[in-house]
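[1] With the sequence up front, the predicted model follows.
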Amino acid sequence: MVGLGNPGRRYAETRHNVGARVVERVAERARIALDEERFDGRAGRGLVAGEETLLLLPDTFMNRSGAAVAAALRALAPLDPARELLVVLDDADLPLGRLRLRARGSSGGHRGLADIIEVLGDEGFARLRFGIGRPAAARDTADFVLDRFEPAEREMVDEAVERGAAAVACFVAEGVAQAMNRFNAPVG
């Protein structure tokens, strides 16, 4: 599991780091310490849904996430990215708090995901997109994703982070199809 974000305290609570927050929540639930400095990031190993799992938070900036993912995959070979890799990331094209899990696909314009696809040379791995919403028309998207969530949004975001962590556990235990069926529906 890879949670995308930018390194450092400055970015920790930003919209762009919500993928990292989901993986941090998975680590908390599974009591996995993310204290290994490996693969150009912080990593930890332990049981998620009864399966040995590596959690990784790249310390590279978002648009250079591919190096960390590739380093982890090389070290874990033989690993089948199509079945065993899940990348968690933010998505400005989804409404705030909406989750969308896919077994494969394009980057959708997300530079971190695009870098992973370019470095791996393949789109064939699962990704869990976390909706952060779109900025107001007059606002630049690049600035928007680097801002923190508004106070009125935080409860919804916290609930969605919990759902995201549950989706990751479902992916590990039951596979991408079951996780998609369970977590892709809008929350009502």
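    Arrived safely, thanks for sending.
[2] what's the offset of the top helix by length along the chain from the middle of its chain?
    The longest helix of the chain (DSSP state H) is helix 154-174. Mean C-alpha position of helix 154-174 versus that of the full chain (Cα atoms, centre = their mean, to the nearest Å) differs by 11 Å.
[3] Average pLDDT for that helix, rounded please.
    On average, the pLDDT along helix 154-174 is 95.
[4] Quick one: the helices in this structure, in order.
    18-30, 65-75, 81-84, 111-120, 141-145, 154-174, 176-183.
[5] name the helices or strands packed onto the first one?
    Identification of packing neighbours for helix 18-30 by 3 or more Cβ pairs under 8 Å, 6 or more residues apart in numbering; DSSP states H and E yields strand 2-3, strand 41-48, strand 51-58, strand 86-91, strand 126-131, helix 154-174. For the C-beta atoms, the positions are set from N, CA and C on the backbone; glycine is no exception.
[6] Pull the residues that contact the first one.
    Contacts to strand 2-3, defined as Cβ atoms under 8 Å, 6 or more residues apart in numbering, come from residues 19-24, 55-58, 65, 68-69, 72, 85-88, 116.
[7] can you pull the buried residues of the worst-scoring helix or strand of the chain on mean pLDDT?
    None of the helices or strands of the chain scores lower by mean pLDDT, DSSP states H and E than helix 141-145, at a mean of 81. Using 16 or more other Cβ atoms under 10 Å as the test for burial, helix 141-145 gives 144-145.
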